[in-house]
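Engineer: For reference, the sequence and a predicted model appear below.
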Amino acid sequence: MQNVVFPNKILPYFLVAPQIVLTVIFFFWPASQALYQSAMREDPFGLRSTFVGFANFSAIFSDPSYLHSLQVTVVFSVLTAALAMGTALLLATAADLVVRGRGFYRTFMIVPYAVAPAVAGMLWLFMFNPAMGTFAYMLRRNGIMWDPLLDGNQAMLLVVVAAAWKQISYNFLFFVAGLQAIPKSLLEAAAIDGARGSRRFWTIIFPLLAPTTFFLLVVNTVYAFFDTFGIIHAVTGGGPAKATETLVYKVYNDGFVNLNLGSSAAQSVVLMVIVIGLTAFQFRFVEKKVHYG
Amino acid sequence: MSTKSIAASAAVAGLSLFATSSAFAATELQWWHAMTGANNEVVDNLAKEFNEKQSEYKIVPVFKGTYPETLNAGIAAFRAKQSPAIIQVFDVGTGVMMGAEGAVMPVAEVLEKGGYSFDKSRYLPGIVAYYSKPDGTMLSFPYNSSSPILYYNKDIFEKAGLDTENPPKTWPEVWEAARKIKTSGAAPCGYTSTWLTWIQTENFSAWNNLAYATKENGLGGTDVELTFNSPQFVEHFQSIADLAKEGVFRYGGRTSEAKQLFLSGECGILTESSGGLGDIVKSGINYGIGQLPYYEGEGRPQNTIPGGASLWVFGGKSDEEYKGIAEFFNFLSQTDVQARLHQVSGYLPVTMEAYNATKESGFYEKNPGRETPIQQMMGKEPTENSKGVRLINLPQVRDIMNEEFEAMLAGQQDAKAALDKAVERGNAAIQQALGN
């Protein structure tokens, strides 16, 4: 690599300063506050606080509801990522085959991505809430005992579908781009060799899409972990009986509803470690080991 | 500007200029609240009316979201030393606010600072007891209070062959009527209830004179133990679980979602807050109102406890601000303001005079059932089981209960297990919140 040296010694610092300031204000400062809070036990108003060291951490790791929440998060993330990516890939390959109106379909597929999570949650809630949902009414009339207010599995299904629905657009965009990057000559050669559609897909397209798929897997996992709060808050509120309480939701619930700030801060520190881990993983493997195209 | 404050500012010679100039600009008092829709308009109108009446103080209402969101906003503001003058806190947040000694100023003291005296006998006893310290000092100003009552759909009752003029009085009668509604095909579901925590445990214990927790349900001290797993509670919740299994009872959600099931005609009987009346009237269904049901027993029914919210005043404000707040509270407790609030919003009047004035105006004859929630709360002198429930972390305990009830209604455990677990987890949470 070529080494570029700026003649001005101070200017570079000025140029990076805005970024540094933003990072300090919006990451390092809150993160340090979380670290500090996680070692304290305090009443909601901050009138009395005591230093408790790692007691909050040992408390959350010995709390069955925290471990349950961890399990819920894993189930939720795997299902959401699988559903969102599977559907998006199906739609992307279908859109790739369309000749007329390709642009129209592609544009329309992106619309759900523009919907805010809470709004998406409300949409699905209005359709499937047992008290007022049209689809819930239809399901019940057809003999399906649809009651996500009490049935934890149905509640999980509902939030997974709502969360996946929102993410399909994003995945779709990347898959479409990935499909376009596959050289036509390879597909034509396979066709001449007599490979049919599904065989061409599994032996040529799918392996060549691997970098995209891998990237999306990380992005979708991060999305399911951290960006689905609004959907869960609007649809189930973490219920019934904690069946849809993910780690992020638990941070909110313990901190802002139950006002247990120490435990909530400790949980957010754990989440911070998970994000750092996922990001490092992405940099190491996605950016370096998997080659594009 | 009053002559009194001119005299006062002149007396403090060095500061006189400053004091006079600041008094000319009305002292702004922020009022954070959680009222939406029609109730939000009431808040705005009250503030406007008060501001037009005098020029020294200006009440500025600010909507802060749901009840828990408003409480959190207040707590965050207090921590940042930016607290509002007045904040509306829902009933279950009372324990949280009380635990913050030093952060809040009791309303009785605020009124005294404004030159008014706090006269306990002017207010409805059930409400005063709930918002007071064990020694009787009123801590917060009751703004909107409600009480749970029974609503029933008269058309469904008629179809099921039930008495449309006499709703079931006791719980066993409710179960019987609900089963009849279901089996006769009058409606797909017999009975539903909003707020299982508030209605079926907190008010259930008061109305049947059963202990919810030790130390007068927490009103006598913070270090309490929950006791809502006694036999009568188990019997009650087992009945609900059985009805749920038969499809006679339907669960709507943790707060007031079940109201929809009643409004849509799916369920024939509903227990809900008296504050929910507005929506039921608006829906145009042929409804009737009854007392909250109870179990037969000596001295029962006792009395219900108020739900809703009250106004709290933060500590650390200037005397000038406290005077303004006292003026505003005095304005709020005026008979005509209270009577109007009660009649418009469906919430209970806070003062005896407002209640009597409404009675004399013939309002209750024209609107049958509207007096029921007041009578329920006023009927008897509260016992140590029926003054209310106050826990340092009641929102959390309610959450725990809801989780166990949901597991019970889904058929994963019976009522005994659900209540035992809720008590055990609740006690642990209380001890943690106390810092033990």
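Structural biologist: Right, received. Where do you want to start?
Engineer: where in the chain is pLDDT low?
Structural biologist: Picked chain A for this. Scanning chain A for pLDDT under 70 picks out A:1-4, A:6, A:286-293.
Engineer: I was thinking of chain B, sorry if that wasn't clear
Structural biologist: B:1-25, B:436.
Engineer: Pop the domain breakdown of it in here.
Structural biologist: Following automatic domain parsing, chain B resolves into domains at B:22-146+B:306-361, B:148-304+B:389-434.
Engineer: Touching, A:Arg140 and A:Trp146? I think so.
Structural biologist: Yes: the criterion here is CB atoms under 8 Å, and A:Arg140 meets it with A:Trp146 at 5.5 Å. Every residue, glycine included, has its C-beta placed from N, CA and C.
Engineer: and these two? which has more neighbours close in?
Structural biologist: Counting neighbours by other CB atoms under 10 Å in any protein chain shown for A:Arg140 and for A:Trp146 shows that A:Trp146 has the greater number, 20 against 15.
Engineer: give me the element the more buried one is part of.
Structural biologist: Under DSSP states H and E, no helix or strand contains A:Trp146.
Engineer: what's the distance between the spatially most central residue of chain A and A:Lys250?
Structural biologist: Nearest to the mean C-alpha position of chain A, by CA atoms, centre = their mean, lies A:Tyr223 at 1.2 Å. Distance of A:Tyr223 to A:Lys250, given as CB to CB, to the nearest Å: 18 Å.
Engineer: What of B:Glu101?
Structural biologist: Counting by CB to CB - B:Glu101 and A:Lys250 are separated by 29 Å.
Engineer: In terms of neighbours, single out the busier of the two.
Structural biologist: A:Lys250 (27 against 11).
Engineer: My read is that B:Leu46 contacts B:Gln338, right?
Structural biologist: No: with contact defined as CB under 8 Å, B:Leu46 does not count as touching B:Gln338 (10.9 Å).
Engineer: which neighbours do those two share?
Structural biologist: B:Leu332 (CB atoms under 8 Å, 6 or more residues apart in numbering or on different chains).
Engineer: So which elements touch the helix or strand hosting A:Leu123?
Structural biologist: Counting by DSSP H and E, the element that carries A:Leu123 is helix A:117-128. The contact analysis (3 or more CB pairs under 8 Å, 6 or more residues apart in numbering or on different chains; DSSP states H and E) places helix A:117-128 against helix A:134-141, helix A:152-180, helix A:229-235.
Engineer: Give the buried residues for the longest one.
Structural biologist: Buried residues in helix A:152-180, defined by neighbour count with 16 or more other CB atoms under 10 Å in any protein chain shown: A:152, A:154-156, A:158-176, A:178-179.
Engineer: Now do it: which elements does it pack against?
Structural biologist: helix A:64-97, helix A:102-109, helix A:117-128, helix A:210-226, helix A:229-235.
Engineer: Show me the contact partners of the second one.
Structural biologist: This points to helix A:102-109. For helix A:102-109, the surrounding residues in contact (CB under 8 Å, 6+ apart) are A:Leu91, A:Ala95, A:Val98, A:Ile168, A:Ser169, A:Phe172, A:Leu173, A:Val176.
Engineer: what does the third one give?
Structural biologist: In this structure, residues lying in contact with helix A:117-128 by CB under 8 Å, 6+ apart are A:112, A:115, A:132-136, A:146, A:148, A:158, A:161-162, A:165-166, A:227-235.
Engineer: Can you tell me how far A:Ser38 is from A:Phe26?
Structural biologist: A:Ser38 sits 19 Å away from A:Phe26, going by CB to CB.
Engineer: So what are the sheet partners of the strand or helix carrying B:Gln30 and their directions?
Structural biologist: Element membership of B:Gln30, judged by DSSP H and E, is strand B:27-33. Counting by DSSP bridges, the strands paired with strand B:27-33 are strand B:57-63 (parallel), strand B:86-90 (parallel).
Engineer: Comparing these, which comes out most buried?
Structural biologist: strand B:86-90 (a mean of 26; mean count of other CB atoms under 10 Å in any protein chain shown).
Engineer: related to what we said a few turns ago, could you check the helix holding A:Leu123 and say which residues are buried?
Structural biologist: Buried, per 16+ other CB under 10 Å, within helix A:117-128: A:Pro117, A:Ala120, A:Gly121, A:Met122, A:Leu123, A:Trp124, A:Leu125, A:Phe128.
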